[in-house]
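Chemist: Any chance you could fold what I've pasted below:
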Amino acid sequence: MAISIVRGKYVITRAIDGDRWEQIDDGAVLQGDGTVLAIGPFETLRSQHPGAVVIGSGEQVVLPGFVNAHHHIGLTPVQLGSPDMPLELWFATRLVFRDLDPYLDTLYSAFEMIASGITTVQHIHGWVPGNLPRVEATADAVIRAYEDIGMRVSYCYAVRNQNHLVYEANASFLERVPAEVRGPLERHFARFELRDEDAIGLFELLHDKHRDKERVKIQLAPANLHWCSDRMLAALKDCSDKYDVPMHMHLVETAYQKEYARRRGGGTAVEYIDRFGMLGPKLTLGHGVWLTESDIERLAESGTSICHNCSSNFRLRSGVAPLNRFEAKGINIALGLDEAGINDDRDMLQEMRMVLRAHREPGMADGVPKMAQILRMATAGGALTTPFGSRIGSLAIGRAADMVLIDWAQVSYPYLDPETKVLDAVIQRAKVEGVATVIVAGEVLYDRGKFTRLDRDVALRQLSEMLKRDLGAAELERRRLAKAVLPYVRAFYDGYFDPQAHRPFYRQSSKV
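Modeler: The predicted structure follows:
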C-alpha cells in the first residue's frame with residue numbers, strides 16, 4: 001500500500017455546524033491508496049509510520065478538498081464574446097460561441113479550479129450539437145480531460161428537448177421573427193439532433209463506461225422546467241430511480257422562469273416537478289432564487305438540496321437567493337461557480353467570501369452566513385449533491401484523501417491577532433496564490449504552482465493557437481444571428497409579467 005502523511009500547522013477536518021469545526025493543531029492525515037487511514041497529531045503518526053512520505057512543511061492549513069457543485073464550460077462567455085446580460089437575453093448572445101476543442105476547453109477551467117483548491121467538479125454539460133455519436137464523443141473528451149488532470153468529476157448531460165431560445169416552442173418563436181432571421185434560426189435549432197430516447201441512451205452509455213472508476217461518476221440533469229417536456233421529466237425520474245443516481249436541475253433562476261412555471265402549471269416550478277416525484281435527497285436544484293416560502297418548506301421536508309451560484313446570480317441579474325432561509329430550514333446547500341465567478345475565473349476561495357458577505361442582512365439577528373457554514377457548503381454540502389456522496393467533503397477514516405493545503409503565511413502575514421480563529425482567517429483572507437498543494441485520492445495534482453500530470457502552459461498555448469484561426473462560416477452565421485435575433489428575444493419578454501407580482505423574496509408571502 002502506498003501511504004503518505006499530509007502535515008498541517010492546522011488540520012480542519014469538517015464543519016460541525018455554522019459556528020464550529022474540528023481542528024487539530026500540528027496535525028496530520030495518514031492516507032493509503034487514496035483513503036484516509038488515520039488523523040491525529042503529526043508526531044504520533046510519523047512515529048507510527050517512519051517510512052511514510054510527508055507532504056506539507058507543517059506551515060499550512062489542511063482542509064477537505066472543495067467541491068464546485070455547478071459548472072458548465074472552460075473559456076468563459078465573456079472570453080467568447082458574450083457579455084453579462086439578464087439571463088434570458090444572455091441566451092441569445094451565447095450564439096456567438098466558437099467551435100472549441102472540448103478537451104482543451106475543459107482543461108482550461110480545470111487548471112483554474114484545481115489551483116483554487118477544488119478537487120471535485122459537478123460538470124453539467126449542454127448545448128452540444130449533433131446526433132448521439134457526436135454528443136457522446138464530446139462527452140468523452142470532457143471526461144477524459146478531467147481524468148488526465150486527475151480531478152474528481154461527476155458528469156451529467158443537461159437535457160433540453162424544447163424551448164431552445166425563449167420560453168415557448170421553437171416553432172412559435174420562429175413565427176415572431178422576420179424571414180431573414182428565421183432561416184438562420186431554423187438552421188441553429190436543427191443542429192441539436194438528440195432525440196428524447198437518445199438523452200437516456202447517452203446516460204446509459206456513459207454510466208456503463210465509467211461505473212467502476214474511482215474519480216468519475218455519471219448522473220442526470222433535466223436542464224430546467226422550461227427546457228423539458230413532461231415526458232422527458234418522467235423519463236429522467238424513472239432513469240434516476242433505475243440506476244440510483246442523483247439529478248441536478250436548474251430551477252427558478254429568474255422571475256421569468258417563475259412566471260413560466262405559473263403559466264405552464266398554474267403554480268410554482270417546485271409544485272410542478274413534485275408531481276413527477278422528483279423532489280428528495282437525489283435531487284439538487286441549481287439557483288432557486290425565486291422560490292416561495294412554501295417551496296422552501298417543501299424542499300426542506302423532502303430533503304432536496306440547493307446549489308447556490310452567487311456570482312452567476314449577480315452577473316446575470318437573476319436576483320439574490322434567500323440563502324439564510326435555506327439554512328434556517330436545514331436544507332443542504334452546495335456552492336457552484338457556474339460559468340465563472342465574479343472575476344471571470346474559477347476561484348472558490350473568492351466565491352466563499354462572496355457568499356459570506358452577500359447575505360449579511362441588515363440588523364443584529366444571528367441568521368447570517370458563518371465561517372463553518374461556508375466551509376460546509378464548499379465541501380460536504382457539495383459532496384452530497386454528487387454520486388460521491390459522503391465519500392468526499394470531509395476528512396475522516398475511510399473517506400477519500402482529497403485535500404487542499406493553504407500556506408498559513410499567506411493568510412497571516414504580516415500580522416494576525418492570535419485570537420482570530422483559524423477558519424475565520426482562512427475564509428476571509430486565503431487567496432489562490434496561497435494554495436500550496438492540492439491532493440485527490442492521495443495523489444498530489446498541484447504543488448507550488450505546478451501541475452504534476454499535465455503542462456498547463458503547453459495546453460493553454462495549444463488552445464490559444466487553435467482560436468487564432470479565422471471564424472468559420474457556421475461561426476460567422478451564428479454571430480450574425482445573435483445580433484439579429486436579440487431584439488426579438490427582448491420583445492418576447494416585454495410585458496411577460498406584472499413586475500409587482502414578482503418582488504424580491506423578502507417581500508413575498510407564501511401565497512405568491
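
Chemist: Please report how far Thr112 lies from Asp84.
Modeler: Quick fix: residue 112 reads Glu, not Thr. As for Glu112, its distance to Asp84 is 18 Å (criterion: CB to CB, to the nearest Å). Quick note: C-beta positions are derived from backbone N, CA and C, even for glycine.

Chemist: Counting neighbours, go ahead and name the busier of the two.
Modeler: The residue with more neighbours, out of Glu112 and Asp84, is Glu112; 21 against 17, by other CB atoms under 10 Å.

Chemist: Need the nearest residue in space to the more buried one, chain neighbours excluded.
Modeler: Arg346 (4.0 Å; CB to CB, 6 or more residues apart in numbering).

Chemist: Who are the contact partners of the one you found?
Modeler: By CB atoms under 8 Å, 6 or more residues apart in numbering, the contact set of Arg346 is Asn68, His71, Ser109, Glu112, Met113, Ser116, Ile118, Leu337, Ala340.

Chemist: Quick one: which of the residues you listed is the most crowded by neighbours?
Modeler: Among the contacts of Arg346, Ile118 has the most neighbours (other CB under 10 Å), with 32 neighbours.

Chemist: Per-residue pLDDT of it, please?
Modeler: Note for Ile118: predicted pLDDT of 98.

Chemist: List the contacts of it.
Modeler: Per CB under 8 Å, 6+ apart, neighbours of Ile118: Gly65, Phe66, Val67, Asn68, Met151, Arg346, Met348.

Chemist: mind redoing it with 10 Å?
Modeler: 65-68, 71, 109-110, 112, 151-152, 335, 337, 346-349, 351, 378, 382, 402, 404, 435, 438, 440 (CB atoms under 10 Å, 6 or more residues apart in numbering).

Chemist: out of the contacts of Arg346, which one sits closest to Glu204?
Modeler: Nearest to Glu204 among those: His71, at 23.0 Å, using CB to CB.

Chemist: if I pick the closest one, what's in contact with it?
Modeler: His71 touches 106, 109-110, 113, 118, 121-125, 153-154, 309, 336-340, 346, counting by CB under 10 Å, 6+ apart.

Chemist: which residues pair with it across the strands?
Modeler: His123, Asp338 (DSSP bridges).

Chemist: Could you check the pLDDT of it?
Modeler: 98.

Chemist: same question, Gln79
Modeler: 96.

Chemist: Leaving out the residues flanking it, which one is nearest to it?
Modeler: Spatial nearest neighbour of Gln79, chain neighbours left out: Asp344 (7.5 Å); criterion: CB to CB, 6+ apart.

Chemist: Pull out the buried residues from the contacts of Ile118.
Modeler: Those of the contacts of Ile118 that meet the buried threshold are 65-68, 71, 109-110, 112, 151-152, 335, 337, 346-349, 351, 378, 382, 402, 404, 435, 438, 440, by 16 or more other CB atoms under 10 Å.

Chemist: need the contact list for the residue nearest to Gln79.
Modeler: By CB under 10 Å, 6+ apart, Asp344 lies in contact with Thr76, Pro77, Val78, Gln79, Asp84, Ser311, Arg315.

Chemist: did I read that right, it in a helix?
Modeler: No. Counting by DSSP: H, G, I helix; E, B strand; the rest coil, Asp344 is not found in a helix; it is coil.

Chemist: any idea how far it lies from Ala401?
Modeler: The gap separating Asp344 from Ala401 is 32 Å, by CB to CB.
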